[in-house]
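S.K.: Just need the structure, nothing else, for what follows:
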Amino acid sequence: MRNAIDLAVDVVERSPRWRERVADLDTLCATTARAALAASGGNERGGCELSIVLADDALLRALNGKWRGIDKATNVLAFAAESDETPPGAPRLLGDVVIAFETVAREAEAQGKPLAHHLGHLIVHGVLHLLGWNHEDLAEAERMEALEVAILRRLDVPDPYRVSEASHG
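M.R.: Modelled structure (predicted):
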């Protein structure tokens, strides 16, 4: 899908459960990725392309083990493209955001939020990682979280870092 900020988003479904539980999945993925790119200034060099892989815990566990040495599933992993060199006229390849259905669904339920909102947050988080944002120290984490909250607010998604009353049971 192409859009006003020249971002192609390839949505790869590795788990059919995403489509069963989230309405208008392709639009949600593209709109959310576009909002993250626009707000972070990541589109200043022209066209970009990224993939969002809607996977399951098994794939995230395998990837987490291979690339991070952690033998468990996680909610999202971001794999930035290895090269920033783009041939003339070609879109800049940002990389892949891979998201685990079971982990994300459990987290959304435990936090009392809609699955689509939690998915949107993790897409924003992953895209920011592709663009070089990090949360390695407290100051970086605070800047990244503030940007995530601002992006999500524009998408009518509540602050994902605010604990809801529903999550306290």
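
S.K.: show me what contacts residue 143?
M.R.: residue 133 (CB atoms under 8 Å, 6 or more residues apart in numbering). C-betas here are computed from N, CA, C, even on glycine.

S.K.: can you map out the helices along this structure?
M.R.: 17-21, 25-40, 57-68, 101-111, 115-130, 138-154 (DSSP state H).

S.K.: center of the chain, which residue is that?
M.R.: Nearest to the mean C-alpha position of the chain, by CA atoms, centre = their mean, lies residue 123 at 1.6 Å.

S.K.: Identify the residue spatially nearest to that one, adjacent ones excluded.
M.R.: Leaving aside its chain neighbours, residue 123 sits nearest to residue 32 (4.4 Å; criterion: CB to CB, 6 or more residues apart in numbering).

S.K.: Just give me the neighbour total for residue 41.
M.R.: 8 (other CB atoms under 10 Å).

S.K.: same deal with residue 6?
M.R.: Residues near residue 6, counting by other CB under 10 Å, number 15.

S.K.: Look up the closest residue to it, ignoring the ones flanking it.
M.R.: residue 47 is the one closest to residue 6 (CB to CB, 6+ apart), at 4.1 Å.

S.K.: my guess is the one you found meets residue 91, correct?
M.R.: Yes - with contact defined as CB atoms under 8 Å, residue 47 reaches residue 91; the gap is 3.8 Å.

S.K.: All set, thanks.
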